[in-house]
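Novice: Next one to model:
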Amino acid sequence: MPSHYVEDIADLRMSDAEEAGGKGANMGEMVSAGLPVPPGFVLLRDCYLASTKAAGIADELNAAHREAMTQVSDTDKLTELCQQMQTLVLNAGMAEDVRERVLAAYRRLGSGTIVAVRSSATGEDGADASFAGMNATFTNISGEDGLLDAVQRCWASLFSPRVVAYRASRGFSADPAMAVVVQTMIASERAGVAFTADPTTDAEDRVVIEAAFGQGEVVVSGSVEPDTYVVSKETGEILSRRIGYKSFKIIRGTDGSDQNVELSEADRQAPVLSDDDVRVIAEIAVRSERHSGCPQDTEWAIADGKTWIVQTRPITTLHRVGKPAPETHEVVAQGLPAVPGEASGVVRVLTDVADGARLQDGEVLVAQMTNPDWLPTMRRACALVTDTGGMTCHAAIVARELGVPCIVGARTATTDLQDGMVVTVDGTHGRVLSGRATGGAQSAPVAQPAAVAASATEVTATKIYVNLAMPDSAERVAATDVDGVGLLRAEFILTDALRNRHPRDLIARGEQETLVDALAAAVGRIAGAFAPRPVVYRATDFRTNEFRGLQGGETYEPVEHNPMIGYRGCYRYVKEPDVFALELRALARVREQNPNLHLMIPFVRTRWELEECLALVDASPLGRQRGLHRWVMAEVPSVVHWLPEYVGMGIDGVSIGSNDLTQLMLGVDRDSDLCAELFDESDEAVLDAIGRIVSTARRLGITASLCGQAPSTKPAFAEYLVRMGITSISVNPDAAERARRTVAAAERRLLLEAARAGNGIRPE
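Specialist: Here you go, the predicted model:
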């Protein structure tokens, strides 16, 4: 454990995100950019880890969480497990040394300072995922006891059903942890959010601002219909304004708690912001985008005439806009277009999350306001309509990531629409149409909304693949503009299909066919959805500490001091050929119907181990099938030397795992908070290794790919890969469109340079 657990917000940067969470790291970046950020500090995730370890509950908690990740479709079981985990955390308390450091940091803010306490979970608010509003936030907290209690409740919220369901839907398999942000509370008179790209049209030339009176919770929770202002980034001109109906505001009451205050009829329909206010907020939001390098979702607050930025995160999903449905059906409800696309289905009006079981797969969910607690229910809906909320409320953000057409702020939808009605939700234009409108999808599960069927706007020579971890999203992602699956992770599929049982536990009980059947079914669904596009399956790459967490794992797994570079990957297949053989049998069964499936061997260190591994593949039913491509992951630097030998052994594809390659090239654990600034995949040594791998692959005529997010978030990195001649890159589904645009721009620059060189014109 480090000698410190708490950091001042001003001292944090994005390189600290693994320890401080996305929220804490983002705030530190905003301070460094000179933006007005309330002072505060962050309890690093080690505070949580140290406290659960000190209480002796860490192993029990993580085991329960892994089980809960397999039960997201069983609402009752999921709720039961989550209650158990939250009780464990709340009863555990806080480790004494953690408590001392937290209170010391609070006293430095000033005795009795009123603070906001916000969760900042590991993996939260990144460019490819957003836990917006899912974990707990507590406002108007004062006093040491109040602060400690709020922190523990933040930790406990890590195990709410909505968070566990979201993590499962995103394919996250690591044990969760929680950092907590503590900031001086702004007694806001007006507050809201600002998007530096229009989430409903994908337009990045404007800022969309939503505003309400009092604290910003009424906006992000969807409790009121906020004002909406659209501002041109280039000129600062206010392009449009829509005054919402704001029935109440939240302020700090005399007893220190949040208090709802009803607004007069005049105030309910009054504009929240002046033109000058709008421009100031837009300027701050644009500065946050410029500093971060990607569109931002920013929360702001105004107090005593000063505008503060209290939170910012990358916008995780931007969609294309389709054509409106033909005007042949009556408009039965109308609101704000939060998530584009169309879907048709039977209406189900729900008044409480407890009624979620009433919603059948493929129905249209209609509610007064739908917050992230409804995630398990939302996953079954084909579309979502709410009475209140703005297009940046929690429900809209979650709906975007699920790919569900969504309309918010429809005001009277719960009374205008009745159970059993058949409607088409036009999320692009904010309309609910009677009947099944032409172009609307039939009632179907959320896996295939029309929103993802938009045609590509860019064509690239470099293939854009996606990384997948779960079959649930296969059909939805396959309907988008991607060229295949460059990395199909086996680990989550395996644990989900086997309900967290260790493979050797199955073998010991004579149940190995269960593994083969379950794996074949899950992988087959993905391969079928993407056919005939390639799907590259990475063989199971659990580390021993992860395997030990499975049921029965302690019987079969050794304890390693450094499992990251221990008994894993290719070497493990050689030493445990019986387990590997089951995996190969499952893949062979899938390829009988889907020959687009191929095999990738991870963490290859030496020539001899790969030679023995490929002999196992060749002797299996999979190896005897025609057309199978054999890939290796390029994670260990030795691949730079051995790649020609690997190709000579029959390898016809190489995929660079940039995270592992970077940490092994630079000798730095990417999870280490002490050495975080050393981890840089753009380091010249790493780029040189990548360049040599790609150039060798080109020279020998094999496919070269890279798995990672850097090409979609760092244009210079993407351009380097394109210049090297990489065949493809593979990113998370939410980043695929952005990655294609970035790669297309790099390819156009290269063509322009080539044209200029051909005409004797020197590049600028």
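Novice: buried ones in the longest helix belonging to the chain?
Specialist: Ranked by residue count, the top helix of the chain under DSSP state H comes out as helix 736-758. Neighbour-count burial for helix 736-758 flags 736-744, 746-747 (criterion: 16 or more other C-beta atoms under 10 Å). No exception for glycine: its C-beta is placed from N, CA and C like everyone else's.
Novice: likewise stretch 693-704?
Specialist: Judged by neighbour count using 16+ other C-beta under 10 Å, the buried positions of stretch 693-704 are 693-694, 696-697, 700, 702-704.
Novice: Any chance of those in a markdown table with pLDDT and distance to residue 215 as columns?
Specialist: Converted to a markdown table, the buried residues of stretch 693-704 look like this (pLDDT from 0 to 100; distance: C-beta to C-beta, whole Å):
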| residue | pLDDT | distance to residue 215 |
| --- | --- | --- |
| 693 | 96 | 52 |
| 694 | 95 | 51 |
| 696 | 95 | 57 |
| 697 | 94 | 55 |
| 700 | 93 | 61 |
| 702 | 94 | 57 |
| 703 | 93 | 53 |
| 704 | 95 | 51 |
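Novice: Tell me which of those residues fall in helices.
Specialist: Those of the buried residues of stretch 693-704 mapping onto helices are 693-694, 696-697, 700, per DSSP H.
Novice: of those residues, closest to residue 147?
Specialist: Lowest distance from residue 147 to those (C-beta to C-beta) belongs to residue 693, with 49.9 Å.
Novice: Distance check, the closest one against residue 639.
Specialist: Distance, residue 693 to residue 639, using C-beta to C-beta, to the nearest Å: 7 Å.
Novice: any residues in contact with both of those two?
Specialist: residue 654 (C-beta atoms under 8 Å, 6 or more residues apart in numbering).
Novice: any idea where the helices of the stretch 401-550 of the chain begin and end?
Specialist: Assigned by DSSP state H, counting those that start in this stretch, the stretch 401-550 of the chain shows helices spanning 413-416, 474-478, 490-497, 503-508, 512-530, 544-548.
Novice: which helices and strands does the first one pack with?
Specialist: Secondary-structure packing of helix 413-416 (3 or more C-beta pairs under 8 Å, 6 or more residues apart in numbering; DSSP states H and E): strand 331-334, strand 364-367.
Novice: All the strands of the stretch 151-300 of the chain, residue numbers only.
Specialist: Remark: strands assigned in the stretch 151-300 of the chain by DSSP state E, counting those that start in this stretch are 178-184, 190-195, 206-213, 227-232, 238-242, 248-252, 258-262, 296-303.
Novice: With distance to residue 166 and mean neighbour count added, can I get those in TSV?
Specialist: Putting these into TSV (distance: least, C-beta to C-beta, whole Å; neighbours: other C-beta atoms under 10 Å) gives the following:
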stretch	distance to residue 166	mean neighbour count
strand 178-184	14	27
strand 190-195	20	26
strand 206-213	23	26
strand 227-232	26	22
strand 238-242	30	14
strand 248-252	25	20
strand 258-262	25	13
strand 296-303	17	23
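Novice: who wins for proximity to residue 577 among those strands?
Specialist: Nearest to residue 577, of the strands of the stretch 151-300 of the chain and by C-beta to C-beta, is strand 178-184 at 40.1 Å.
Novice: in its sheet, what does the closest one sit against?
Specialist: Next to strand 178-184 in the sheet, as set by DSSP bridges, lie strand 40-43 (antiparallel), strand 115-121 (antiparallel).
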